[in-house]
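Visitor: Below are the sequence and a predicted model for it; my questions follow.
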Amino acid sequence: MTSFSLFQASPSSLVYPKSTSFNQNTKSNHNNQSLLFLKPCNSLSSSSSSFDRHNLLCRSSSSDDHGFSAKYVPFNADPTSTESYSLDEIIYRSSSGGLLDVQHDMDALKKFDGEYWKDLFKKRDNTTTWPYGSGVWGKKEWVLPNIDDDHIISTFEGKSNSYWAERFGKRLLGMNDLWVKQCGISHTGSFKDLGMTVLVSQVNRMRKLNHNIIGVGCASTGDTSAALSAYCAAAGIPSFVFLPADRVSLAQLVQPIANGAFVLSLDTDFDGCMKLIREITAELPIYLANSLNSLRLEGQKTAAIEILQQFDWQVPDWVIVPGGNLGNIYAFYKGFRMCQELGLVDRIPRLVCAQSANANPLYLHYKSGYTEFKPVMADTTFASAIQIGDPVSIDRAVYALKNSNGIVEEANEEELMDAMTLADLGGMFTCPHTGVALAALFKLRNKGVIGRSDRTVVVSTAHGLKFAQSKIDYHSKNIQHMSCRFANPPMQVKADFGSVMDTLKKFLSKDRPNMNSY
Ligand SMILES: Cc1ncc(COP(=O)(O)O)c(C=O)c1O
Ligand SMILES: N[C@@H](CCOP(=O)(O)O)C(=O)O
């Protein structure tokens, strides 16, 4: 981080006036109430037959009319527990110090059948009505049912493509049903936008309710900080970002700087930053934005719902997610399970959490049969955003894996960089974390765990452009102890016709290790 020094603004200069001009996807578009909520016909026990799909545009009502609600409860609590907290409270831990979870009133949601929800989500897919065109807020009743639309801070995030990796899958893995969910093709270039819209919207609401919140803070390996600072800047809320010095990419570092966050570059690793932000947020009225805060996962879970929607509600066999702080693997589990509970699908996929071998506490825990969890000191990895040794959501991850018949796999540096490069050579532009997930897929295919016709979704978590330096290093064969066997370095050629012709003829006459060979 030392090579990039910029003047840093003081926190007081970070509050911007709220934007007043909106495009067509705006909050001013309130007259079109049709997509707010759709009443079932006659009774609340709507069956698909009693639901008039032709009349979607004529009827509406609000979430509150239906008694939808959500609250914090202790994560995986004993069924007899009555402990719960309002989402308007500032609380990150249960009374016993455990994790929290957002619990929805499932009985209220169940008054509407699976077909009803499918229709509603589909109807909202292409709307410009604020905020329902967002992939997250299109599922508002399942996310934050009681927030005012006017309090929502959204970039119309979500709805990322599920890319059919046809050539990559067929040629390299013998698979014909391999998909990459492109969560990194997003406002700030990672899946964190999905959770951050929820968290920052709730903070916006709480500030309007006069809670004493002077800003929002996070520890980050580079993606949470980018999302937090962007959504806070959009809302006019100060953001505070703790980054491990020299451990995030330049592209990630510049994101919160550009968005006006107060950036602290700390001489420690992510786990050290996480410890500090927890201590600081306990002392100062700065709201904690890491996934320890279960609000974030409510947004992130919508990626799972989207996957099902994109397959016309056919359930994939496998979903592979790279894991670091381990909130996301649980968010996927939660999204899938909610779809099952509410009758949209009849089963959930098996989950795979993929870790870098240099930062693999969950993998070791899995290998030990989930006996006592031991944090590790995470080593440097090209998958720098998951260089995490003491994940805050370890309990959530174990729960998700146990309840989805899940697996944990790991990938070393060469495996993850080769996998990332091969995916790129097949037309993608993946980040190293997606490389970890793809390398896990290679291993599970080789072991015969994942079958050739299993429908498999690899979750791509960040945009490859954030990690361009790792690709440059690889293609320049500039990485110690790595053969970089799929490198495709540019040729230096004299700028005259003869030299260019000679070079091309030579290239065309030999077996060449470029993408067409793989
Ligand atoms: C690009 C990227 N991929 C994967 C992850 C892992 O997500 P989680 O921390 O929720 O396990 C992170 C952050 O940790 C990330 O930034
Ligand atoms: N990769 C993350 C690490 C922190 O994860 P979080 O989901 O708990 O915020 C990052 O980009 O900071």
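Guide: Ah, there it is. Ligands and ions are numbered 1, 2, ... in the order given.
Visitor: Only C-alpha atoms from now on, for both contacts and neighbour counts.
Guide: Fine.
Visitor: quick one, helices of the stretch 251-400 of the chain?
Guide: Taking DSSP state H, counting those that start in this stretch as the test, the helices found in the stretch 251-400 of the chain are 270-283, 295-300, 302-310, 327-341, 361-367, 394-402.
Visitor: and the first one, does that touch ligand 2?
Guide: This points to helix 270-283. No: applying C-alpha under 6 Å from any ligand atom, one finds helix 270-283 out of contact with ligand 2, separated by at least 7.5 Å.
Visitor: Show me what that helix packs onto, helices and strands only.
Guide: strand 215-219, strand 239-244, strand 286-288 (3 or more C-alpha pairs under 8 Å, 6 or more residues apart in numbering; DSSP states H and E).
Visitor: Out of these, flag the one nearest ligand 1.
Guide: Closest of the helices and strands packed on helix 270-283 to ligand 1 is strand 215-219, at 10.5 Å (criterion: C-alpha to the nearest ligand atom).
Visitor: Can I get that closest one in PDB? Just the C-alpha atoms.
Guide: Taking C-alpha atoms only, strand 215-219 is exported to PDB below (Å, rounded to 0.1, in the frame of the first residue of the first chain):
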ATOM      1  CA  GLY A 215     -20.900   6.100  10.200                       C
ATOM      2  CA  VAL A 216     -20.300   2.500   9.100                       C
ATOM      3  CA  GLY A 217     -17.100   0.600   9.400                       C
ATOM      4  CA  CYS A 218     -15.500  -2.600   8.300                       C
ATOM      5  CA  ALA A 219     -12.300  -4.600   8.200                       C
END
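Visitor: after it comes which helix or strand?
Guide: helix 223-235 (DSSP states H and E).
Visitor: pLDDT wise, what is D65 at?
Guide: D65 is assigned a pLDDT of 74 by the prediction.
Visitor: burial measure for it, as a count.
Guide: 9 (other C-alpha atoms under 10 Å).
Visitor: quick one: it is in a strand?
Guide: No: the assignment for D65 (DSSP: H, G, I helix; E, B strand; the rest coil) gives helix, which keeps it out of a strand.
Visitor: ok, now which ones touch the residue nearest the centre of the chain?
Guide: Centroid-nearest residue in the chain, with C-alpha atoms, centre = their mean: F191, separated by 2.9 Å. Applying C-alpha atoms under 8 Å, 6 or more residues apart in numbering, we find F191 in contact with C183, G184, Q300, T461, A462.
Visitor: now this protein, which segments are flagged as low pLDDT?
Guide: Low-confidence segments of the chain, defined by pLDDT under 70: 1-64, 511-518.
Visitor: for ligand 2, what are the nearby residues on it?
Guide: Residues of the chain lying near ligand 2 by C-alpha under 6 Å from any ligand atom: 220-225, 290-292, 325, 327, 385-386.
Visitor: Can you name the element that comes right after the helix or strand in which A437 is found?
Guide: Assigned by DSSP H and E, A437 belongs to helix 432-446. Next helix or strand after helix 432-446 toward the C-terminus (DSSP H and E): strand 456-460.
Visitor: need the residues of this structure near ligand 1, please.
Guide: 223, 322-328, 385-386, 433, 461-462.
Visitor: can you do 5 Å?
Guide: D223, P322, G323, G324, N325, L326, G327, N328, A385, I386, T461, A462 (C-alpha under 5 Å from any ligand atom).
Visitor: Good, we can wrap up now.
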